[in-house]
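[1] Take a look and give me a structure for this.
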Amino acid sequence: LSLNFEKLFPGDIVEYPRNKYFSHFGIYFGERDGVPYVAHLTCRDADTKIPLFGRALRSEVKLDPLELLGSKYKVNNMLDGSHSPRDFHSVVKPAIEDMLGRDVTFDILFHNSEHQATLFRYGVKKSQQIELIYEHIMPSWKKLFEEKKL
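    Residues are numbered from 1 along each chain as shown. So this is what the prediction gives:
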């Protein structure tokens with residue numbers, strides 16, 4: 001699954017499969033001193049382990065070496081068919097640099113690493129993995145929401 005660096009272009013969405021339902025997503029940022037970097041939304045509170053019911057956790061956008069996040073990854077520019085990718089150097093890179101180290105509220109449903117990646121690349125927030133499992137999980141989540149347990 002791991003790809004050669006040549007196949008990664010700055011602004012590409014990099015997907016790291018974590019388990020059956022979830023992947024972690026980042027944006028390929030390019031190389032620094034020969035090391036490829038990825039910008040990604042990471043939880044400060046929970047390191048890389050994101051609880052399933054992760055709501056409103058403190059998180060931040062960080063730049064980390066590509067391989068640090070996992071050796072299995074693939075390019076997944078999932079919205080290229082319907083949305084135009086924004087220019088990396090004039091739009092995406094400054095947007096990432098502007099976000100670095102800032103407090104972001106992580107929310108598995110409304111602002112996860114996939115939302116952050118699509119926001120950078122396309123200017124649109126989308127999480128297909130959440131939409132996919134939404135219908136399976138939502139009924140039980142809804143109940144918990146109503147009972148104020150989430």
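
[2] Low-confidence stretches in the protein?
    Scanning the chain for pLDDT under 70 picks out 1-6, 43-56, 133-142, 144-145, 148-150.

[3] For it, just list every one of the strands.
    Using DSSP state E, the strands of the chain run over residues 13-17, 23-32, 35-43, 57-65, 74-75, 104-106.

[4] which parts of the third one are buried?
    In this case it means strand 35-43. Pro36, Tyr37, Val38, Ala39, His40, Leu41, Thr42, Cys43 (16 or more other C-beta atoms under 10 Å). Glycine gets a C-beta too; all of them are placed from N, C-alpha and C.

[5] ditto for the last one
    When neighbours are counted by 16+ other C-beta under 10 Å, the buried residues of strand 104-106 are found to be Val104, Phe106.

[6] and what of stretch 87-94?
    Per 16+ other C-beta under 10 Å, stretch 87-94 contains these buried residues: Phe88, Val92, Lys93.

[7] what do you get for stretch 18-31?
    Phe22, Ser23, His24, Phe25, Gly26, Ile27, Tyr28, Phe29, Gly30.

[8] for the residue nearest the centre of the chain, what are its contacts?
    Geometric centre of the chain, nearest residue: Ser113, 2.4 Å, by C-alpha atoms, centre = their mean. Ser113 sits next to His24, Phe25, Gly26, His40, Leu41, Thr42 when contact means C-beta atoms under 8 Å, 6 or more residues apart in numbering.
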